[in-house]
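Peer 1: Need coordinates for the below:
(2 chains)
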Amino acid sequence: MELKWNKNNNGYTILYATALVVVVATALALTATGLKSRQQANIAIEKKQNILTAVHKTDSIDGRPNKRAYIEALYEKYIVEQYIVGEEGGRKEGDAFAVDMKTQYDIIRQIDAGNLDAARQASLRAALKLPVYVCRNDDGAYKYILPVYGLGLWGAVWGYIAFDDDMNTIYGATFDHKGETPGLGAEIATPTFSKKFIGKQIFDRGTFTSIHILKGGAPPDNPHAVDAISGGTITSRSVETMLKNSLAKYLPFLSPDEPPATDSLSGQRQSEVAIDSTNRQ
Amino acid sequence: MKLLTDPIHKNNPITVLILGICSALAVTVKLEPALVMGLAVTIVTASSSFILSLLRNTIPPRIRIIVQLVVVATFVILIDQFLRAFAYDVSKQLSVFVGLIITNCIIMGRIEAFALGHKPWPSFIDGLGNGLGYGMILIIVAFIRELFGSGTLFGYQIIPENWYIVHGGFYANNGLMILPPMAMIVVGIIIWIQRSIIRTH
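Peer 2: Numbering: from 1, shown residues only, chains lettered A, B, ... in the order given. Next up, the predicted model:
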């Protein structure tokens, strides 16, 4: 190709760069839009798989030829209800599955920082959405799965904790992370770590203790503590903080002595909690 | 033909030119991500060499590197998007390393050294050869690491279950194999073997 233009000319350089960028941007935008629905479907499937893992429903998934359809079917079968609760434990409008936990984490962090004026506090509290997934086991027992979200060493950590219907004993748990150190902090995503939570309790005679993650090992008779990951101290501590902060927001919903909020009870519970929170302030 | 076979053996980017080592250490714990990574790098080197060779007479010299980066980055993002849509599990395992293909020295090296001075078709073959040479080493390393580190190949159990000590056998997986230093050692051994072969010719 013979060019009449001088390639060192500024005009040529600018035109060339502009044209190149426009072509590239168009190509990328088209691809991203075209593939978006597929990518989101993948993310949704992964989320469903995580929720099912918390209630021990995914052991049979590996090696299945049609994994996606299988997960969808399992989710249909076991997750009988999903809803959003507010900070007072009462139900809220909305699609629980679509709630973005990072947004909720930011809201919680702002509320907990506590240096906001009353109007801002109130609007943040009103915006807070806490998803609850209800699983019905084959034997008819109900398990309540709550998502948790926090910051690890290198990035976000999150998980799903399933409770028995006493809302105290952990039935199962699963954790995942964005980029914790492989072999160390990343071990939180392994079943070896999450299995330690089974049977632990987050209330001690009615007082919220959450689950402590102890460096050097937890005594086996301590129902509120599990072993930390050796070499993953900061990640372990992050998981502990994540559990404490995320579950604390569910407290009115989890309250140990009462059954979980049903529709008929929720009005009454809200008023009780309203009294509680005035006392606290 | 020499363009295709040379970089696989005599001029292998990893073992002879010692390029692209970092990703070779990171993604070779299992065969599947290593294979996908090898393919991704091959596609990126081949297609960006081809495109840049087509453009080579028009590129303004003062923004030469920027133009190269834009083209390479475009292909990398395309690959990343496709992996997320069609091979989500693998894309999670590769995590940042797909994005880091942009900084893989093999690609810029081949564009600078070859594509900008040759016609599109030979450039394409050269990119293909270098990508395959890279992928081949990745697969060899991953094969050794997955077999001895996890006892599996492509996730399928190869070492019989009843060999393991926990099942009353005599065998245990080598935990060192799944850590990065072992990749370094394996690559080192491959380089040693390969160089002694090349020298004897």
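Peer 1: Tell me who's in contact with residue 42.
Peer 2: Using chain A. Residues near residue A:42 by Cβ atoms under 8 Å, 6 or more residues apart in numbering or on different chains: B:84, B:85, B:88. From N, CA and C alone the C-beta is placed, and that goes for glycine too.
Peer 1: wrong one, I was asking about chain B
Peer 2: By Cβ under 8 Å, 6+ apart, residue B:42 lies in contact with B:127, B:128, B:131, B:132, B:134, B:135.
Peer 1: and the residue sitting furthest away from the middle of chain B, backbone torsions?
Peer 2: Largest separation from the mean C-alpha position in chain B: residue B:168, at 38.4 Å (Cα atoms, centre = their mean). Note on residue B:168: its backbone torsions stand at phi 90, psi 10 [degrees, to the nearest 10].
Peer 1: got any ranges where the stretch 151-281 of chain A has weak pLDDT?
Peer 2: A:256-281 (pLDDT under 70).
Peer 1: near chain B, which residues of it show up?
Peer 2: Applying Cβ under 8 Å from any Cβ of the partner chain, we find that the stretch 151-281 of chain A lies next to chain B at A:179, A:183.
Peer 1: Let me see the ranges of the strands in the stretch 151-281 of chain A.
Peer 2: A:156-163, A:170-177, A:203-204, A:207-208, A:212-214, A:225-227 (DSSP state E, counting those that start in this stretch).
Peer 1: mind putting the ones you listed in TSV, distance to residue A:191 and mean neighbour count included?
Peer 2: Formatted as TSV, those follow (distance: least, Cβ to Cβ, whole Å; neighbours: other Cβ atoms under 10 Å in any protein chain shown):
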stretch	distance to residue A:191	mean neighbour count
strand A:156-163	13	24
strand A:170-177	8	24
strand A:203-204	25	16
strand A:207-208	26	12
strand A:212-214	16	19
strand A:225-227	13	20
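Peer 1: now for those, which one comes closest to residue B:173?
Peer 2: strand A:225-227 (22.5 Å; Cβ to Cβ).
Peer 1: which other residues reach that closest one?
Peer 2: Against strand A:225-227 from outside (Cβ under 8 Å, 6+ apart): A:196, A:197, A:200, A:211, A:212, A:213, A:214, A:217, A:218, A:219.
Peer 1: residues touching the last one, list them.
Peer 2: With contact taken as Cβ under 8 Å, 6+ apart, residue A:219 is in contact with residue A:225.
Peer 1: From chain B, how far out is it?
Peer 2: Here the criterion is Cβ to the nearest Cβ, to the nearest Å. By it, residue A:219 lies 26 Å from chain B.
Peer 1: next one: the fourth one
Peer 2: Using Cβ to the nearest Cβ, one obtains 27 Å as the distance from residue A:211 to chain B.
Peer 1: From what I see, that residue and residue A:228 are in contact.
Peer 2: No: assessed by Cβ atoms under 8 Å, residue A:211 is found out of contact with residue A:228, at 11.3 Å.
Peer 1: At which residues are the helices of chain B located?
Peer 2: B:2-5, B:21-26, B:31-55, B:64-86, B:88-94, B:96-99, B:105-113, B:120-150, B:180-200 (DSSP state H).
Peer 1: got it, and the stretch 1-150 of chain A?
Peer 2: Remark: helices assigned in the stretch 1-150 of chain A by DSSP state H, counting those that start in this stretch are A:10-54, A:67-78, A:101-113, A:118-127.
Peer 1: Could you list the low-pLDDT ranges of chain B?
Peer 2: Checking chain B against pLDDT under 70 turns up B:1, B:200-201.
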